[in-house]
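> got a predicted structure here, sequence first:
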Amino acid sequence: MIAPGLPGGAASRRSRLRFRHALVWLLIGSLVYAIALAIVLALYPDPMDALAPVIGPSLYLTPVFGMPYLIASARQRGWGRRLVYFTLLLTAAHIVANELAWRNGVVNFPLEPGADAYVNGLITGAIGGSAGSVLAFAGLFAIRIAALTRSTRAIALAGIGVLTTLGAFGMAEGLALSHALELPLRPSRFIFWYECVHLPWQAAFAVFVAWLMRLGRPTGG
């Protein structure tokens, strides 16, 4: 999409700058979120409390992910929409995805490690990763931060595939490497597990969101 009133070359340069700017600050946001999550989890007296749906720290810290980008883009057009998206809509998407994954995990996770635990981790992570990505991209189009076109639909579908895969393996590998649910429960194990789930997912999500925003908003919006 070429911005109205701009020559093709200028529009292309502006688009690349928009992508780099958003990507850098969203990647910084994913690191800030990871640090904040580690600190909060370390302060929890009982690590199991961190698994609580809706009120868990991974959920109420969601706006931290977009905060560096929001600050850096405060003077850019469309900031109000980005504020709503990165604080409210992304948090809501995270809560719903976490709830869906949590319900599957509660029913199916075995207490003893084994092959079934890994498969259940893959399924649970895939549920959370797919639901979160679908809702997050839907919100991006619904609030008209990105235009819904054939190319952006293809990018979003590719993003859903990548993020579903990262969600699955982040959950399964994180649990397998950290032994977070084995007794005795230790905050350090939970931190490692949660970072495996969230950091790669958010970093990849940053790429796709920056890419979609690079293509511009709908004309007239």
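Arrived safely.
> so which residues of this structure form helices?
Assigned helices in the chain, in chain order: 8-43, 57-60, 62-72, 79-84, 90-108, 115-142, 150-178, 187-214 (criterion: DSSP state H).
> list the buried residues in the third one.
By neighbour count with 16 or more other Cβ atoms under 10 Å, helix 62-72 contains the buried residues 62-70, 72. Bear in mind the C-beta positions are built from the backbone N, C-alpha and C, glycine included.
> now mean pLDDT and distance to residue 50 too, for the helices of the chain, in TSV please.
Formatted as TSV, these follow (pLDDT from 0 to 100; distance: least, Cβ to Cβ, whole Å):
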stretch	mean pLDDT	distance to residue 50
helix 8-43	88	6
helix 57-60	90	6
helix 62-72	97	14
helix 79-84	95	27
helix 90-108	88	11
helix 115-142	93	15
helix 150-178	95	13
helix 187-214	93	6
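> just checking, residue 85 touches residue 142?
No. Taking contacts as Cβ atoms under 8 Å, residue 85 lies outside contact range of residue 142: 9.2 Å.
> among those two, which residue is more densely surrounded?
Shown here are residue 85 and residue 142; by other Cβ atoms under 10 Å, residue 85 has more neighbours (24 against 13).
> what sits closest to that one if chain neighbours are left out?
Distances taken as Cβ to Cβ, 6 or more residues apart in numbering put residue 143 closest to residue 85, at 5.4 Å, once the chain neighbours are dropped.
> repeat for residue 185
Closest to residue 185 by Cβ to Cβ, 6+ apart is residue 47, at 4.8 Å.
> what's the pLDDT at the one you found?
What the model reports as pLDDT for residue 47 is 71.
> next, count neighbours for it.
Neighbours around residue 47, by other Cβ under 10 Å: 21.
> that one contacts residue 188, doesn't it?
No. Using Cβ under 8 Å, residue 47 is not in contact with residue 188, being 9.2 Å away.
> quick revisit: right, and the residue nearest to residue 85 touches residue 84 too?
Yes. Using Cβ under 8 Å, residue 143 is in contact with residue 84, at 6.2 Å.
> what about those two, which has more around it?
For residue 143 versus residue 84, the count of surrounding residues by other Cβ under 10 Å is larger for residue 143: 18 against 14.
> so what's that one up against?
Applying Cβ atoms under 8 Å, 6 or more residues apart in numbering, we find residue 143 in contact with 81, 84-85, 89.
> what is the nearest of those to residue 51?
residue 89 (23.6 Å; Cβ to Cβ).
> what's around the nearest residue to that closest one once chain neighbours are set aside, how many residues?
Nearest residue to residue 89, sequence neighbours excluded (Cβ to Cβ, 6+ apart): residue 139, at 3.9 Å. By other Cβ under 10 Å, 18 other residues sit near residue 139.
> and residue 176, by the same measure?
16.
> what do you get for residue 20?
Counted with other Cβ under 10 Å, residue 20 comes out at 12.
> distance check, it against residue 56.
33 Å (Cβ to Cβ, to the nearest Å).
> could you do residue 119 as well?
24 Å.
> look at the two and report which has more neighbours.
residue 56 (20 against 12).
> how about that one, nearest residue that isn't a chain neighbour?
residue 50 (5.5 Å).
> burial count for that neighbour?
So residue 50, with other Cβ under 10 Å, has 20 neighbours.
> residue 170 too?
Residue 170, neighbours per other Cβ under 10 Å, totals 25.
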